[in-house]
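Novice: this one's structure only:
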Ligand code: 5CA
């Protein structure tokens, strides 16, 4: 890649993508969607980083978080697509999935299960099909941004496209946010 005058580069202008990003593009293309991946000089490793880089609200950033449950058949993975403004309620997630002993995957487990490293884990294009649930708060936005396989690449898409590409079940799994100080408690 030659000299970059701007810090963001649209994917179609690039001759080649990192292998991990190409896998995300290919997965979308197989379902008839063309993604516009944006690469940054700065990190998009966390939701806050990504929001700053793209100039979006943190709630518009899709965190693709890997969880595992301990089943009689061994570790069962689950992917949770959660708004960058939210955290996952583990008890709620376990109840929704009706699985026992659910916990966050370690970095090694997440890489092994998806084929991507934390900070760049995309919502689809993984090494295997992973049961996926999606936070309904993401549907509040016209478009959201997700990781494109590396910790400096993201792409925008409509929440409904995200749902279609991932086959996600949209169901509340976010922890309740604390009400602002002084707010009524009987809401
Ligand atoms: N690229 C961004 C925005 S799309 C992204 O991938 N965000 S993320 O939330 O999906 O993934 C980064 C998050 O992974 C970090 O905020 C952190 O919460 C989590 N993480 C970091 N280290 C670990 C670890 N060892 N095990 C599990 N999760 C981790």
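Specialist: Alright, I've got the coordinates. Only a predicted model underlies this, so the values are computations on that prediction, with no experimental measurement involved.

Novice: in this protein, which spans are helices?
Specialist: Secondary structure of the chain by DSSP state H: the helices cover 19-30, 47-54, 90-97, 107-114, 159-166.

Novice: on contacts alone, who are the packing partners of the third one?
Specialist: Under the contact definition 3 or more CB pairs under 8 Å, 6 or more residues apart in numbering; DSSP states H and E, helix 90-97 sits against strand 62-71, strand 74-83, strand 102-104, strand 131-134. (Glycine included, C-beta is placed from N, CA and C.)

Novice: pipe these into TSV and attach mean pLDDT per row.
Specialist: What follows is the helices and strands packed on helix 90-97, written out as TSV (pLDDT from 0 to 100):
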stretch	mean pLDDT
strand 62-71	95
strand 74-83	95
strand 102-104	96
strand 131-134	98
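
Novice: out of those strands, which gets nearest to residue 179?
Specialist: When these are compared by CB to CB, strand 74-83 sits nearest residue 179, at 17.9 Å.

Novice: that closest one vs the ligand: in contact?
Specialist: No: if you take CB under 6 Å from any ligand atom as the test, strand 74-83 misses the ligand, and the best it gets is 8.0 Å.

Novice: could you do stretch 135-151 as well?
Specialist: Yes: for stretch 135-151, a contact with the ligand is found by CB under 6 Å from any ligand atom, at 146-147, 151.

Novice: between those residues, which is nearest residue 113?
Specialist: residue 147 (15.2 Å).

Novice: show me what that closest one bridges to in the sheet.
Specialist: Beta-bridge partners for residue 147, by DSSP bridges, are residue 154.

Novice: that one - how many residues pack around it?
Specialist: Neighbour count of residue 147, defined by other CB atoms under 10 Å: 29.

Novice: wait, it touches residue 114, no?
Specialist: No: assessed by CB atoms under 8 Å, residue 147 is found out of contact with residue 114, at 10.7 Å.

Novice: overlap of the contact sets of those two?
Specialist: Residues touching both residue 147 and residue 114 (CB atoms under 8 Å, 6 or more residues apart in numbering) are residue 121.

Novice: ok, what's across the strand from the most centrally placed residue in the chain?
Specialist: In the chain, the centroid-proximal residue (CA atoms, centre = their mean) is residue 64; its distance is 2.8 Å. Judged by DSSP bridges, the bridge partners of residue 64 are residue 81.

Novice: so how far is residue 181 from it?
Specialist: To residue 181, residue 64 is 32 Å away according to CB to CB, to the nearest Å.

Novice: I'd like the distance between residue 28 and the ligand.
Specialist: 15 Å (CB to the nearest ligand atom, to the nearest Å).

Novice: per-residue pLDDT, the nearest residue to that residue once chain neighbours are set aside?
Specialist: Distances taken as CB to CB, 6 or more residues apart in numbering place residue 35 nearest to residue 28, at 4.9 Å, with adjacent residues excluded. As predicted, residue 35 sits at a pLDDT of 97.
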